[in-house]
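Asker: Pasting a predicted model and its sequence here:
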Amino acid sequence: MFQDECGVELNPKVKKILMKKGEMRRVVIHNDSKERINFSGVVNPLNGDLYVKNIVYGNSATFIDLLVDLEDVFSKYKKIYLYVDG
């Protein structure tokens, strides 16, 4: 199984920027509201089993909570090999 976290900013303010045809520039998005949703999830690539959890912060405490949840959610497995980044 593979595990990762992600964060999504809500209601970002997209601004326009002028550029010449064929030119690529970075468009900076300002988010004054600072609203954000964070997720942590696990997927089994062999059969598509998926578990996603809404988290407040991506820290060690939420990771341990996720491991406890996985014990219940995937109780049908005798062993779970979990690949994580970082």
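Answerer: Structure received.
Asker: C-alpha from now on. contacts and neighbour counts both.
Answerer: Will do.
Asker: residue ranges of the strands in the chain, please?
Answerer: Here the chain has its strands, by DSSP state E, at 2-9, 36-43, 50-55, 83-84.
Asker: now the angle from the third one to strand 36-43?
Answerer: Comparing the axes of strand 50-55 and strand 36-43 via axes from the mean of the first three to the mean of the last three Cα atoms, to 10 degrees yields an angle of 150 degrees.
Asker: contact partners of strand 50-55?
Answerer: Strand 50-55 has contacts (Cα atoms under 8 Å, 6 or more residues apart in numbering) with 37-44, 62, 66, 73.
Asker: so how far is stretch 65-80 from its chain's centroid?
Answerer: In terms of Cα atoms, centre = their mean, to the nearest Å, the centre of stretch 65-80 is set 19 Å apart from its chain centre.
Asker: How about stretch 6-16?
Answerer: On Cα atoms, centre = their mean, the centre of stretch 6-16 falls 15 Å from that of its chain.
Asker: For it, give the mean pLDDT please.
Answerer: Taken as a whole, stretch 6-16 has an average pLDDT of 77.
Asker: ok, residue 54 to residue 8 distance?
Answerer: 11 Å (Cα to Cα, to the nearest Å).
Asker: Same drill for these two, tell me which one is more crowded.
Answerer: When residue 54 and residue 8 are compared for neighbours, residue 54 comes out ahead with 14 against 11, by other Cα atoms under 10 Å.
Asker: Residues in a beta bridge with the more buried one, which ones?
Answerer: residue 39 (DSSP bridges).
Asker: mind listing what residue 35 touches?
Answerer: Per Cα under 8 Å, 6+ apart, neighbours of residue 35: 9-11.
Asker: Residues contacting stretch 19-30, please?
Answerer: Against stretch 19-30 from outside (Cα under 8 Å, 6+ apart): 12-17.
Asker: In those residues, which residue is surrounded by the most others?
Answerer: residue 12 (15 neighbours).
Asker: Turn the contacts of stretch 19-30 into CSV, including distance to residue 48.
Answerer: Listed next are the contacts of stretch 19-30 as CSV, based on distance: Cα to Cα, whole Å:
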residue, distance to residue 48
12, 31
13, 35
14, 34
15, 38
16, 39
17, 41
